[in-house]
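Visitor: Sequence first, then the predicted structure, then my questions.
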Amino acid sequence: MNQHAIKLSSTGWFGWLARKIHNSYRPKKTHDYSHLVFGVDYVFEHLNELANQGYMTAQKKGVKPGDYVILKQNDTLQKYCIQEINYYSSPNDMWIALLLKVELSGV
């Protein structure tokens, strides 16, 4: 019985649900890119005029949805929450993520 449950949970809708449940209990990490160089170490592009969403491309393993990213923009620290992330196949630590700006408290 357990073998079948494991097979079901690793694919399709059950796999998605299992990942969501696992990620909701995982402690959220904060990744500080404020000391790194824009255009060299990472790229960030605003998605809308309100500047509360954007896409970021960078390299670092272990970055996951729900984690936070700290960026320095116009000499001001900004905090974003990772909404979605996709890793490239090569190099395998490079990713692109959809970020949503959040309050800076608790940095």
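Guide: All right, it came through fine.

Visitor: And the most centrally placed residue in the chain, which helix or strand is it part of?
Guide: Central residue of the chain (C-alpha atoms, centre = their mean): Ile82, 3.5 Å from the mean position. Using DSSP states H and E, Ile82 falls within strand 76-87.

Visitor: related to what we said a few turns ago, ok, now which ones touch the residue nearest to the centre of the chain?
Guide: Val63, Lys64, Pro65, Gly66, Asp67, Tyr68, Val69, Ala97, Leu98, Leu99 (C-beta atoms under 8 Å, 6 or more residues apart in numbering). C-beta here means a position set from N, CA and C on the backbone, and glycine is covered the same way.

Visitor: if we can go back for a sec, so what strands line up beside the strand holding Ile82?
Guide: Using DSSP bridges, strand 76-87 pairs in its sheet with strand 68-73 (antiparallel), strand 94-102 (antiparallel).

Visitor: Now the shortest one - C-alpha only, CSV.
Guide: Output in CSV follows, covering the C-alpha atoms of strand 68-73 (Å, rounded to 0.1, in the frame of the first residue of the first chain):
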residue,chain,number,x,y,z
TYR,A,68,12.9,36.3,0.1
VAL,A,69,15.4,38.4,-1.9
ILE,A,70,17.0,41.6,-0.7
LEU,A,71,18.1,44.0,-3.5
LYS,A,72,19.6,47.4,-3.5
GLN,A,73,17.7,49.7,-5.9
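
Visitor: Distance from it to the middle of the chain?
Guide: 12 Å (C-alpha atoms, centre = their mean, to the nearest Å).

Visitor: can you pull out the strands in this protein?
Guide: Shown for the chain, the strands assigned by DSSP state E span residues 30-32, 42-46, 53-59, 68-73, 76-87, 94-102.

Visitor: Out of the ones you listed, which gets nearest to Trp13?
Guide: strand 76-87 (18.1 Å; C-beta to C-beta).

Visitor: This completes my enquiry, with thanks.
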